[in-house]
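**Q** My questions concern the predicted model and sequence given below.
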Amino acid sequence: MSTGAGPAATGLRMIEPSDPVQLERYYELRWRLLRAPWGQPRGSERDELEERAVHLMACNPEGEAVAVGRLHFNTVTQAQVRYMAVEPSWRGRGVGRLLLRALEENARHRGADQMVLDAREAAVGFYEHCGYRAIRPAHTLFGTIRHWQMEKALQSCAPTDSVRS
């Protein structure tokens, strides 16, 4: 689907990567931005939940991945965002916000009423701006990247009928 959200997002498409080329672009971006800078090997950008998760990728008009994120469920009503990353040249243009909103909508449509995530300390402000609140310090990744556990209540996607008397 086309995002249609202003000049920053012009030409971007939000997709669920499904073919081998799309999946390679998706995992390459995750590894390059979230693991490679800390000397982590290829494959470290994946975990045991990949097959059960929802993967979203924002692509530019040339089909290149510019942002990625993953959604999985911890319980029937609690969804978790992981592995969210935006190309540095695309940061500050609203792409991350669009991707996060798409992940939230996907979770809501699957029955979630709560989103959780562990945000890198540098990204806490972004998530707070998107309505999340920091709960407590979480793990430290690779001995240097502090994380904060964050949460957000999702409103039901069921339409509300107003009754007039």
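**A** Perfect, thanks for sending it.
**Q** From the centroid of this structure, which residue is nearest?
**A** Centroid check for the chain by CA atoms, centre = their mean gives Gly69 as the closest residue, at 3.3 Å.
**Q** what's around the nearest residue in space to that one that is not next to it in sequence, how many residues?
**A** Nearest residue to Gly69, sequence neighbours excluded (CB to CB, 6 or more residues apart in numbering): Met84, at 4.0 Å. In short, each C-beta sits where N, CA and C put it, glycine included. Met84 has 24 neighbours, counted by other CB atoms under 10 Å.
**Q** same question, Ala58
**A** 25.
**Q** what does the lowest-mean-pLDDT helix or strand in the chain contact?
**A** When the helices and strands of the chain are scored by mean pLDDT, DSSP states H and E, strand 133-141 comes last with a mean of 87. With contacts defined as CB atoms under 8 Å, 6 or more residues apart in numbering, strand 133-141 is touched by 38, 118-120, 124, 128, 146-152.
**Q** Keeping just the C-alphas, turn the strand or helix carrying Arg97 into CSV.
**A** Element membership for Arg97 (DSSP states H and E) is helix 95-109. The C-alpha trace of helix 95-109 is given here as CSV (Å, rounded to 0.1, in the frame of the first residue of the first chain):
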residue,chain,number,x,y,z
VAL,A,95,9.2,7.2,7.9
GLY,A,96,9.7,5.6,11.3
ARG,A,97,6.4,7.0,12.6
LEU,A,98,4.6,5.6,9.5
LEU,A,99,6.2,2.2,10.0
LEU,A,100,5.4,2.1,13.7
ARG,A,101,1.8,3.2,13.0
ALA,A,102,1.4,0.3,10.4
LEU,A,103,2.8,-2.2,13.0
GLU,A,104,0.3,-0.9,15.6
GLU,A,105,-2.6,-1.1,13.2
ASN,A,106,-1.6,-4.7,12.3
ALA,A,107,-1.5,-5.6,15.9
ARG,A,108,-4.8,-3.9,16.6
HIS,A,109,-6.5,-5.8,13.8
